[in-house]
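Student: sequence and predicted structure, then a few things I'm wondering about:
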Amino acid sequence: FTGWTLSGNPSFTFVDNGSQSGITPYSGSYEAELGTSGSLGYLSQTLSTAPGASYLLSFWLDNPYADPGEFIVSWNGNTLLDKMNPVADDWTIIQFVVTATGTSTVLQFGFQDDCDYLDLDDISVVPAQPGNLFTFTTNNGTITITGYIGLDGVVTIPDVINGYPVTSIGDWAFDSYHSLTNIMIGNSVTNIGYYAFDWCASLTAITVDTNNPAYSSVGGILFNKSQTTLIQYPGGIVGGYIVSNSVTSIGYGAFRSCHNLTSVTIGINVTSIGYWAFEECTSLTSVTIPDSVTSIGDSAFYYCTDLTSVTIPNSVTNIGASAFYYCTDLTSVTIGNSVTSIGDWAFGKCFGLTGVYFVGNAPTNVGDYVFAVLGGPPCCVAVGNETVYYRADTTGWENFALLTGVPTVLWNPQVQNDASFGVLMNQFGFNITGTADIVVVVEACTNLSNPTWFPLQTNTLTGGSSYFSDPDWTNYPGRFYRLRSP
């Protein structure tokens, strides 16, 4: 600790080898004990720097007790860190990337600990290089990147750090790094952890070296090598996305926190939608799920607050816990005929949900609070305004109502071949009858061999019936009609 200037309140501040404080230096023989009481002391040094150059500032800090106090770090008068009443913590490395504006720069630490000492050790200021901007661990001669402290928007993962190959990017490594726009991965990385690029709101491209044996990229999107698993969709891409038909699996958290994603069409060979796959895609308004999907993972569409309706195809057998939790704008859900299991809180806190339309029998494995909108035990749990609608040839609905607390109603609209059927007042129409007050959508198409159905009218069967008429029927050589749920 040579070359430092002590100012302010210098009481109880000294260089120690651990014999006086009882705290062993982080490394080497000496540490600074910062123990001023009542007012701040300052430790500063003037460094020779190059104007415009970036430097990596690193130091280790130990705070044995959560005493009243403050710890401040400043670079040429600009505050980098100001901790009031810092919590108790063991030796912890703290790093900043800083830029010099002149040929000399003042590095200053401000400190106050009213009851004990703050311990400072291993202060270094070195030119910022790509290899020293990453935090990492070393295991069996390989490097796992655990974080990044640089300021760059474009980041290249190095193949080697300190002579060891970089083989892994750890869980959450770049989490919430909002400046990141592009990341380039070389051929040495063979493992990427969960949520490695989570909440990277500006990230628009992940590019993988073509020689990488484990991963690949197409259009800036990260896949496994064979492009059968979509691993990470960059959070900064704006608009809709069509998942390729080569993809069979959407990985855990693949689209998580992609706040700019507005719509997604899932490819026809995808069989599973992983846990948290679309969690917190707050601009997602529509999703098309193909009849190849068999499972929707836990929290798959959690907090997709702009999603208004969803159709779960007949191929799906399991809807995971919290799969559509807090989809506040969701009003209508159609569930196919193969679902046998619905997890806890699957549609919890979907405050706008009014109609849930089942095609098949009631699920036999029903979790807790599937449609709840208020808390859990020991609080009272309430359901919202949902009504479950079922078809005449299905079973299990009395028990389903008991398990969920949601009313179940027979959905049985029928077109009547009576005096109303046909052309009246130059309009083609017919009566629809069924359970009172159910809602029915009438759709039309012009070609049954390759149909494209368009909704024409939404009818409420007030009192058990409603009349539909089509004023545009004469504009088509032939027109076909069908009924569906909203």
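Tutor: Received it, and whenever you're ready, just let me know what you need.
Student: residues touching the helix or strand that contains residue 310, excluding its own?
Tutor: In this assignment (DSSP states H and E), residue 310 forms part of strand 309-312. Here strand 309-312 makes contact (C-beta atoms under 8 Å, 6 or more residues apart in numbering) with 286-287, 289, 296, 301, 319, 324, 330-336, 339, 486. Any C-beta I mention is one placed from the backbone N, CA and C, and that applies to glycine too.
Student: can we see that at 7 Å?
Tutor: Here strand 309-312 makes contact (C-beta atoms under 7 Å, 6 or more residues apart in numbering) with 287, 289, 319, 330, 331, 332, 333, 334, 335, 336, 339.
Student: residues contacting the last one?
Tutor: When the contact criterion is C-beta under 7 Å, 6+ apart, the partners of residue 339 are 312, 316, 317, 319, 363.
Student: that's a helix at it, yeah?
Tutor: No. In this structure, residue 339 is coil, not part of a helix, as judged by DSSP: H, G, I helix; E, B strand; the rest coil.
Student: phi, psi of it?
Tutor: phi -70, psi 120 (degrees, to the nearest 10).
Student: list the buried residues in stretch 73-93.
Tutor: Neighbour counts over stretch 73-93 (16 or more other C-beta atoms under 10 Å) mark 73, 74, 75, 76, 83, 86, 91 as buried.
Student: which two in the contacts of strand 309-312 are spaced the farthest apart?
Tutor: Among these, the pair separated by the greatest distance (C-beta to C-beta) is 331 and 339, at 19.4 Å.
Student: what's the average pLDDT for stretch 317-337?
Tutor: For stretch 317-337, the mean per-residue pLDDT is 97.
Student: stretch 138-158 too?
Tutor: The model assigns stretch 138-158 a mean pLDDT of 91.
Student: got the CA positions of that stretch in CSV?
Tutor: Output in CSV follows, covering the C-alpha atoms of stretch 138-158 (Å, rounded to 0.1, in the frame of the first residue of the first chain):
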residue,chain,number,x,y,z
THR,A,138,-11.3,-22.6,-14.0
ASN,A,139,-12.0,-26.3,-13.6
ASN,A,140,-9.8,-29.2,-14.8
GLY,A,141,-7.9,-27.0,-17.2
THR,A,142,-11.0,-25.4,-18.9
ILE,A,143,-12.7,-22.0,-18.5
THR,A,144,-16.4,-21.3,-17.8
ILE,A,145,-17.3,-17.6,-18.4
THR,A,146,-19.6,-16.4,-15.5
GLY,A,147,-20.0,-12.8,-16.4
TYR,A,148,-18.9,-9.7,-18.4
ILE,A,149,-18.0,-6.3,-17.0
GLY,A,150,-17.1,-4.5,-20.2
LEU,A,151,-19.1,-1.7,-21.9
ASP,A,152,-19.1,-3.0,-25.4
GLY,A,153,-22.2,-3.7,-27.4
VAL,A,154,-20.4,-6.3,-29.6
VAL,A,155,-18.8,-9.1,-27.6
THR,A,156,-16.6,-11.9,-28.8
ILE,A,157,-16.2,-14.9,-26.6
PRO,A,158,-12.5,-15.7,-26.6
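Student: all helices for the protein, in order.
Tutor: 397-404 (DSSP state H).
Student: any idea how far the residue of it most remote from its centre is from residue 115?
Tutor: Going by C-alpha atoms, centre = their mean, the residue of the chain most distant from its centre is residue 419, 55.6 Å out. With the distance defined as C-beta to C-beta, to the nearest Å, residue 419 ends up 92 Å from residue 115.
Student: ok, now residue 433?
Tutor: Taking C-beta to C-beta as the measure, residue 433 falls 81 Å from residue 115.
Student: and these two? Which one has more around it.
Tutor: Remark: of residue 433 and residue 115, residue 433 carries more neighbours, 16 against 11, as counted by other C-beta atoms under 10 Å.
Student: check the closest residue to the more buried one other than its chain neighbours and give its pLDDT.
Tutor: Leaving aside its chain neighbours, residue 433 sits nearest to residue 465 (4.6 Å; criterion: C-beta to C-beta, 6 or more residues apart in numbering). According to the prediction, residue 465 has pLDDT 96.
Student: what do you get for the one 3 residues further on?
Tutor: You'll see residue 468 listed with a pLDDT of 96.
Student: where in the chain is pLDDT low?
Tutor: Applying pLDDT under 70 to the chain flags residues 130-131, 375-382.
Student: so which residue is smack in the middle of it?
Tutor: Short answer for the chain (C-alpha atoms, centre = their mean): residue 256, at 2.6 Å.
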